[in-house]
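Trainee: this one's structure only:
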């Protein structure tokens, strides 16, 4: 499988209206609660990756973005319930509790992108929870899947820390967050289709 990393990283800028689309995404990203719309937008970016289209989705179907954003939020919350329970149960065990809880979080959350890709195609909630299919799909697209997953966790963690340390740069952080999530969503969609 050939991945043209440079094309993937500049994917948002291949769209002729990219400044306008990124500006809208940035503004929505930094507004609490309203930013659920961007979750639906990232799902649309994922579908672009599946279809190998090098353009950003238009900001015209707000209702669909909101509905799909709510579904994305529910899927993510469901996947994070097990690691949360792990933190609660194992949290009192010094060092090992935190280590195993963090490991559980990393492993379970690795299923989220492929679950969202599966959901993005059918738009059926149950497709996000076909664990056997999801794991088989991840195995087929290794090692790229884990590389992109770990890179995305690292980049978003650094960005989160940056935002906490320098909150006055919230607009810059919002733009970077929107860009990173759009590219990562596209990449996971691209990988999903090739798996």
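Mentor: Alright, I've got the coordinates. Worth saying up front: this structure is predicted, and the values here are computed from it rather than measured.
Trainee: make it CA atoms for all contacts and neighbour counts henceforth
Mentor: Noted.
Trainee: longest helix of the protein?
Mentor: Secondary structure of the chain per DSSP state H: the longest helix is helix 62-90.
Trainee: Would you mark the buried spots in the helix or strand that comes right after it?
Mentor: Counting by DSSP states H and E, the next helix or strand C-terminal to helix 62-90 is helix 96-109. By 16 or more other CA atoms under 10 Å, the buried positions in helix 96-109 come out as 97, 98, 100, 101, 102, 104, 105, 106, 109.
Trainee: Low-confidence bits of the protein, can you list those?
Mentor: Applying pLDDT under 70 to the chain picks out residues 1-4.
Trainee: how close does residue 73 sit to residue 180?
Mentor: Remark: distance between residue 73 and residue 180 (CA to CA, to the nearest Å) = 18 Å.
Trainee: In terms of neighbours, single out the busier of those two.
Mentor: Legend: neighbour count by other CA atoms under 10 Å for residue 73 and residue 180, higher for residue 180 (18 against 14).
Trainee: Residue 29 versus the more buried one, what's the distance?
Mentor: Residue 180 sits at a distance of 12 Å from residue 29 (criterion: CA to CA).
Trainee: all helices for this protein, in order.
Mentor: Using DSSP H, the helices of the chain run over residues 5-9, 18-29, 36-51, 62-90, 96-109, 112-122, 131-140, 144-165, 170-194.
Trainee: Report all helices and strands that the last one contacts.
Mentor: Right, helix 170-194. helix 5-9, helix 18-29, helix 36-51, helix 112-122, helix 144-165 (3 or more CA pairs under 8 Å, 6 or more residues apart in numbering; DSSP states H and E).
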